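Undergrad: After the sequence you'll find the predicted model.
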Amino acid sequence: MTNAPCVRNEYERTLKSHWDAKTSDDINLRLGAEDDLYHHHYAIGDFDRGVLDAPRQRREELILRELHRMENDQVDLVIRALGELPRGARVLDAGSGRGGTAFMIAQRLSTQVVGINFCEHHIAFAEQIARRRGWDDRVRFRYGNMVRTGFPDASFDAVVSNETTMYAGADELLREFARLLRPGGRYVMATWCRNDTVDPRSAASRHIDQHYVCQMHRRSTYFRALSDNGLAPVHVERYTGKAMPYWELRSHSQLRTGVEEAFLDGYRNETLNYLVVAAERAAADGSDTDAGARRPFRVEEQRTW
Ligand SMILES: C[S@@+](CC[C@H](N)C(=O)[O-])C[C@H]1O[C@@H](n2cnc3c(N)ncnc32)[C@H](O)[C@@H]1O
């Protein structure tokens, strides 16, 4: 791992300082302690309502377990969207955090995974887990900027970004991902975004941007950037109501940070969406790829319930 500076501008410097400072980040360290899977993303789907009625001395522990189960389940959505990958395929995890997504992909799909991250202590943490598991030949972590990775063209079969695209310009980031994918390779993105058909810049979205030092994109921005960079959507799922229970449960936990209400408001008034998108890189001659032809375009819409 080289510590050469990889931030390119004032925003990236501020963002990197934000992550660099989170060395004893309570929520994520406590949630992952049991199965060694550490996540920095949220979740989709309901929780076991029974945990809220648990006796006071057990309630917090049960809430934490349930939050962690839900975060693991969120990675299943990403894995499902990756579809079939050949054994040993190379997957890039862009903005790999403490490695939870990378380890789950490597385990479930028997792939190699490279995580790229500009937060050194995240990389050191994830590398330690890889060594502990004896997986350091299969799951590696690299210090670098996901917008300008330095990896060769077409060097990955798949790229995933699990709640990281709000930390970079959508167009330059997807251009880099398209460059890294082999023709027919698959990109999977899980992200929260502004639902600009309702409000391009709601109060909830502004609050979240400030809290997480991010620049949440509009939903339409993503689809334009995908299209402009030769990434054809083959699977789109939009969640609104299903993104809420995680925040509801977190608001009952002692680990709440104050951002819970903004997410709940945004999903409730539908100014925010949660998307899982799979897209395939067009072949060099622009023709449809075999993989693309096998998997028809599908839109699954989950409305608020
Ligand atoms: C919200 S966390 C998500 C982590 C991980 N994907 C997960 O699901 O647990 C964002 C991560 O992206 C990294 N990151 C943000 N911008 C980046 C950039 N331009 N290049 C590399 N890493 C970046 C941060 O250091 C952090 O580890």
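TA: Noted; the coordinates are in hand.
Undergrad: Next up, identify which helix or strand Tyr187 is on.
TA: strand 181-194 (DSSP states H and E).
Undergrad: and the next helix or strand after that strand, what does it pack onto?
TA: Counting by DSSP H and E, the next helix or strand C-terminal to strand 181-194 is helix 203-212. Judged by 3 or more C-beta pairs under 8 Å, 6 or more residues apart in numbering; DSSP states H and E, helix 203-212 is in contact with helix 260-268, strand 272-281. In short, each C-beta sits where N, CA and C put it, glycine included.
Undergrad: quick revisit: does any bit of the strand holding Tyr187 sit next to the ligand?
TA: No - judged by C-beta under 6 Å from any ligand atom, strand 181-194 stays clear of the ligand, getting no closer than 7.9 Å.
Undergrad: Which neighbouring elements make contact with that strand?
TA: By 3+ C-beta pairs under 8 Å, 6+ apart, strand 181-194 packs against helix 56-82, strand 156-162, helix 170-180, helix 219-228, strand 272-281, helix 290-294.
Undergrad: Dump the ones you listed to CSV, plus distance to the ligand, mean pLDDT and mean neighbour count.
TA: Formatted as CSV, those follow (distance: least, C-beta to the nearest ligand atom, whole Å; pLDDT from 0 to 100; neighbours: other C-beta atoms under 10 Å):
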stretch, distance to the ligand, mean pLDDT, mean neighbour count
helix 56-82, 8, 96, 18
strand 156-162, 4, 98, 27
helix 170-180, 8, 98, 21
helix 219-228, 15, 98, 18
strand 272-281, 13, 98, 25
helix 290-294, 24, 42, 14
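Undergrad: Can I get these in JSON lines including distance to Glu120?
TA: Shown next, in JSON lines, are the helices and strands packed on strand 181-194 (distance: least, C-beta to C-beta, whole Å):
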{"stretch": "helix 56-82", "distance to Glu120": "23"}
{"stretch": "strand 156-162", "distance to Glu120": "20"}
{"stretch": "helix 170-180", "distance to Glu120": "21"}
{"stretch": "helix 219-228", "distance to Glu120": "29"}
{"stretch": "strand 272-281", "distance to Glu120": "29"}
{"stretch": "helix 290-294", "distance to Glu120": "36"}
